[in-house]
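1. whatever this is, show me its structure:
(chains A and B)
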There are 2 protein chains.
Amino acid sequence: MLEKLDLTKSLSKAEYKEKMAELTPKLGKLQRECREYGIPVMIAFEGYGASGKGVQIGELIKALDPRGFEVYAVKNETEEERMHPFMWRFWTKMPAKGRVAIYDSSWYRKVLIDRFDKKTKKSKLGDAYRSICSFEEQLTSDGMVIIKIFLAIDKKEQKKRFDKLMESKETAWRVSEGDLKRNKEFEKYQEVNEEMLTRTDAEYAPWNIVEAVDRRFATAKIYAIVAQILAKKVEEARKKAGKKKDGNADSGNTAERMAELKDAGNTRQESGLEQDKKMKESILSKADLSLTYTKEEYKARLAKLQKKMEKLHGELYRRRIPVILGFEGWDAGGKGGAIKRLTEKMDPRGFVVHPTASPNDIEKAHHYLWRFWVDMPKAGHVTIFDRTWYGRVMVERIEGFCSRQEWQRAYREINDMEKDLADAGAIVLKFWMQIDKDEQAKRFSARQENPEKQWKITDEDWRNREKWDQYEEAVDEMLIRTSTPYAPWIVVEGNCKYYARIKVLETVVNAIEKRLEKDAEKNKK
Amino acid sequence: MLEKLDLTKSLSKAEYKEKMAELTPKLGKLQRECREYGIPVMIAFEGYGASGKGVQIGELIKALDPRGFEVYAVKNETEEERMHPFMWRFWTKMPAKGRVAIYDSSWYRKVLIDRFDKKTKKSKLGDAYRSICSFEEQLTSDGMVIIKIFLAIDKKEQKKRFDKLMESKETAWRVSEGDLKRNKEFEKYQEVNEEMLTRTDAEYAPWNIVEAVDRRFATAKIYAIVAQILAKKVEEARKKAGKKKDGNADSGNTAERMAELKDAGNTRQESGLEQDKKMKESILSKADLSLTYTKEEYKARLAKLQKKMEKLHGELYRRRIPVILGFEGWDAGGKGGAIKRLTEKMDPRGFVVHPTASPNDIEKAHHYLWRFWVDMPKAGHVTIFDRTWYGRVMVERIEGFCSRQEWQRAYREINDMEKDLADAGAIVLKFWMQIDKDEQAKRFSARQENPEKQWKITDEDWRNREKWDQYEEAVDEMLIRTSTPYAPWIVVEGNCKYYARIKVLETVVNAIEKRLEKDAEKNKK
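-> Coordinates of the predicted model:
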């Protein structure tokens, strides 16, 4: 969930001012409404050292009524806390109904710093995760709102910030040896964080990742996230209460108050979403679609890579490594062509391509993951899925084929499935074939004009094209929530077909080579 | 969940015949209704070797339409299965909507036999549990009914069965070396099973434990369990469908069919419950309330144990071991007296007794476990709770202070909390003070007649007494579901106060001594 972030995101002073002018009173109002409806809220800040947790908490509370919240810094363990079970300190710092508690670092310590420092034993890691999930699940099922915010910066930025802090005596103490060690081994620590994010990204308490290199951007995004989540909860509470409450003594008559609340609800929810859209991770827009290969470059590379692939395929078979490759992408994004080039020189007895259509009756009579599980490769075989289980969080989400709850739950279910596959020794890669809207139009037209390719284009393709923005939003969320160290997403810049095909082949070849090396090293030991 | 079982339970031939005559057609009908409503059902059989899984599955399917179910024996792994991820074999053996699949051993292998044989590494255990829970949670949230049955026999019975099998050449092959090893180390293997049962006893797929020494009893109980669960699901499906369906071509007119279904629904549910009540674990009735000490015995033992306790209390403090003791029991069961004798000679700076009353307003504004977490002892201290967090599954359940879903979820929440405490190094013991109804009446009367003790008896006590049977049922379920190796329940035979007080003291002393020994051994290494 971290690897794909665009950390260059920023806001100008003017943009920032405008956003904050809108969001600040909104947050204040939401806090009052949470109090009114008795909704307790926990906001947990995690993130790399010097990513600005303290600063951002300082910014966030500016919008809140100080009589309604507490801030807890979890870093400095008290004597009292050390003498109690780890979770005790959070139970004793729990907001009552209608109050807000903010945590500067939270209940994740054991699976982050302590794990990195090997203070948490490997055999105890499962217990630590169980404890965290149990904590969050039981609180949220009791009505608690848990907002989890992760502040992300990169290695270079972190180093810069540490250096700056160390320049002055007054701030140098804030950089510990542990901080410097984690900066030096940033990639390794990032993996620890990645695992934490994936294993605890539950529908009842999802993670919100904030690009925190630009302070203004981070502040505004945090405001927007908190506002959006609270607005949703307040709306739910209001619906549950049946009729709008008239609890505020300072409001006018009931009818007026009801109209006001209703309006506020509508405005809030819409602009919450809008805010989110403006600021959310736009991975797809990052793809540099100008990347190309000439025909000659393409041919040379293709021949070389296909030869390598042929050899590696045999190696996979001998070493009994299963490989699972999923292809998703825009219609006419070039999935078919890439799969063709990938498999052209492979032994047909060792791979299979499964095209995924709408589920048939038998498939509909099972869990949505069933048909994919059934088709998973055995050891030493390669299975390629042309469209995959990610339909759940794309077409099924957008067309309403499953409920909101179902597709939200699916991120975790899919991560769990891919973890099972990876734990069983499989290489799992997922490709998103990215083209822009113009390129798609060109390809659609070309297909319609070519009698041999007309079958490839249907009315549905045109209908889907109309929902481009909705798909883009769903795909962005999917890429963030389901790109894991054990099953990464690869966004393939696809405007140039040559480039795309080579990138796919190259990625697969590299992943297999890396895996074989790793296995070889293990055997040496 | 295993330790407290009464394995002597049995049914006479006549009783068995009667029950089966009632349950067999009922099960057949429920299977047809599951088909009608498209409910898929998985029935997993786990349990000790030679506990009769095969036999019981054979009995169960006699009631079922063979066109509607499959049986899978999971023991013998095929070549094909070995070459796929572990969970693959269950995904490929999954019933479609309306069908039943029965598993002779199931997806628990990795946390049972494989773990015992150290084939599952300790560091991989967390992953294995995650995988199991994820599997069950995602299927059940998609509408699957998962019925998990655990067949329990004891070490002696198992040995007897193995010996019998080995007498004849024709059956000797059925007893493996692994079986014999697990029999030899029965206690150790039982602990592995206990942990598995606790960690996977979820509200979406709870465990059903069946005393399997008497084959007839086990068969009837399995029938009753399956019938009860399916009846509930069919009822839910029927309500969801809005109106009763009229899908069966062979039934008469709609109104008739509706009436029939409605009747069947009512009968089924009621007698399902009745069956369950007759056959379920009655731990409380097992307590031998005739156990007594004379005054002299009592005094001698008391003096000795209190002296020991005094010494051990100091030791606990030095070694920084926290101790949590929970007391529950019938009104006038002797909690107060036992606590008094236990603490009499302890250093008052090192322990505290928390009486638990109905929650006050602040407590009500928090999660029900909050007030108990807040009061948990720090390292080296002893905290005694007079009434505990188990109110959730007793008074709150019975009086309807929380929803059915809430108290059902609470078993897991409580187990998780106690696991957190034990993982942090605490000794956790829970005492149930057991007296019979006559003894309670005697004590109530005595209190009313004694002016100094009148305050101890209220109208509420009399009201609770009227709900004795309801409480007995709730307590039985609580003892089974929340007695764990890390936080066991101790049923204290309390008709003789002398006996009860000594048993409590003795149990606490033994637990502390055992723990100190274990720690000493660890330090030696």
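2. okay, now A:A441: neighbour count?
-> Residues within reach of A:A441, counting by other C-beta atoms under 10 Å in any protein chain shown, total 13. All C-beta spots, glycine's among them, are computed from the backbone N, C-alpha and C.
3. leaving out sequence neighbours, find the closest residue to it.
-> Excluding its sequence neighbours, the residue lying closest to A:A441 (C-beta to C-beta, 6 or more residues apart in numbering or on different chains) is A:R465, at 8.0 Å.
4. what's the mean pLDDT across the helix or strand containing that neighbour?
-> Take DSSP states H and E as the rule and A:R465 turns out to sit in helix A:459-466. Helix A:459-466 carries an average pLDDT of 88.
5. off-centre distance for the helix or strand just after that helix?
-> Moving toward the C-terminus from helix A:459-466, the next helix or strand (DSSP H and E) is helix A:468-482. Relative to the centre of its chain, helix A:468-482 is centred 10 Å away, using C-alpha atoms, centre = their mean, to the nearest Å.
6. got a list of contacts for helix A:468-482?
-> A:1, A:4, A:201, A:206, A:209, A:277, A:280-284, A:328, A:330, A:390, A:393-394, A:397-398, A:411, A:414-415, A:418, A:430, A:432, A:437, A:464, A:489, A:491 (C-beta atoms under 8 Å, 6 or more residues apart in numbering or on different chains).
7. same question for stretch A:86-94.
-> Stretch A:86-94 has contacts (C-beta under 8 Å, 6+ apart) with A:40, A:42, A:70, A:72, A:74, A:77, A:81, A:101, A:103, A:106-107, A:109-110, A:131, A:135, A:139, B:366-367, B:369-370, B:373-374, B:376, B:420, B:424.
8. what's the answer for stretch A:440-456, then?
-> When contacts are defined by C-beta under 8 Å, 6+ apart, stretch A:440-456 is touched by residues A:W330, A:D331, A:A332, A:G333, A:I435, A:I457, A:D461, A:W462, A:R465.
9. can you give me the buried ones in the strand or helix carrying A:E315?
-> Assigned by DSSP H and E, A:E315 belongs to helix A:295-319. The neighbour-count criterion (16 or more other C-beta atoms under 10 Å in any protein chain shown) identifies A:Y298, A:R301, A:L302, A:L305, A:Q306, A:K308, A:M309, A:L312, A:H313, A:L316, A:Y317 as the buried residues of helix A:295-319.
10. do the same with stretch A:471-487
-> Taking 16+ other C-beta under 10 Å as the criterion, stretch A:471-487 shows A:471-484, A:486-487 as buried.
11. does chain B sit close to the helix or strand containing A:E15?
-> In this structure, A:E15 sits in helix A:13-37 according to DSSP H and E. No. Judged by C-beta under 8 Å from any C-beta of the partner chain, helix A:13-37 and chain B are separated, with a smallest distance of 11.5 Å.
12. and the longest helix seen in chain A with helix A:295-319, angle?
-> If you go by DSSP state H, chain A has its longest helix at helix A:497-524. Helix A:497-524 runs at 30 degrees relative to helix A:295-319, counting by axes from the mean of the first three to the mean of the last three C-alpha atoms, to 10 degrees.
13. is it true that A:E70 lies in a strand?
-> Yes. Per DSSP: H, G, I helix; E, B strand; the rest coil, A:E70 lies within a strand segment.
14. rewinding a little: show me how to select, in PyMOL, the buried members of the contacts of stretch A:86-94.
-> Buried members of these, identified by 16+ other C-beta under 10 Å, are gathered into one PyMOL selection as follows:
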select buried, (chain A and resi 40+42+72+74+81+101+103+106+107+109+110+131+135+139) or (chain B and resi 366+367+369+370+373+374+376+420+424)
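15. run a quick neighbour tally on A:V353.
-> Look at A:V353: counted by other C-beta under 10 Å, it has 16 neighbours.
16. pLDDT at the closest residue to chain B within the stretch 1-150 of chain A, what is it?
-> In the stretch 1-150 of chain A, the residue that lies nearest chain B is A:G126 (1.9 Å; C-beta to the nearest C-beta). pLDDT for A:G126: 85.
17. report pLDDT for the closest residue in space to A:K467 that isn't next to it in sequence.
-> With sequence-adjacent residues excluded and distances taken as C-beta to C-beta, 6+ apart, A:K467 is closest to A:I398, at 6.0 Å. Looking at A:I398, its pLDDT reads 95.
18. residues touching A:I398, list them.
-> A:K467, A:Q470, A:Y471, A:A474.
19. thinking again about what came up before, give me the subset of the contacts of stretch A:86-94 that lies in strands.
-> Counting by DSSP state E, the part of these found in strands is A:M42, A:E70, A:Y72, A:A101, A:Y103.
20. and the last one, how close does it get to B:N360?
-> Put plainly, it is A:Y103. A:Y103 sits 26 Å away from B:N360, taking C-beta to C-beta, to the nearest Å as the criterion.
21. which of the contacts of A:I398 sits closest to chain B?
-> A:A474 (20.2 Å).
22. mind pulling the model confidence for the closest one?
-> With respect to pLDDT, A:A474 scores 94.
23. cool, A:E203 as well?
-> 86.
24. same check on A:T254?
-> At A:T254, pLDDT is 44.
25. same check, this time on A:A365
-> At A:A365, the model reports a pLDDT of 88.
26. I figured it hits B:D142, correct?
-> No. The pair A:A365 / B:D142 is not scored as a contact, 11.2 Å apart, by C-beta atoms under 8 Å.
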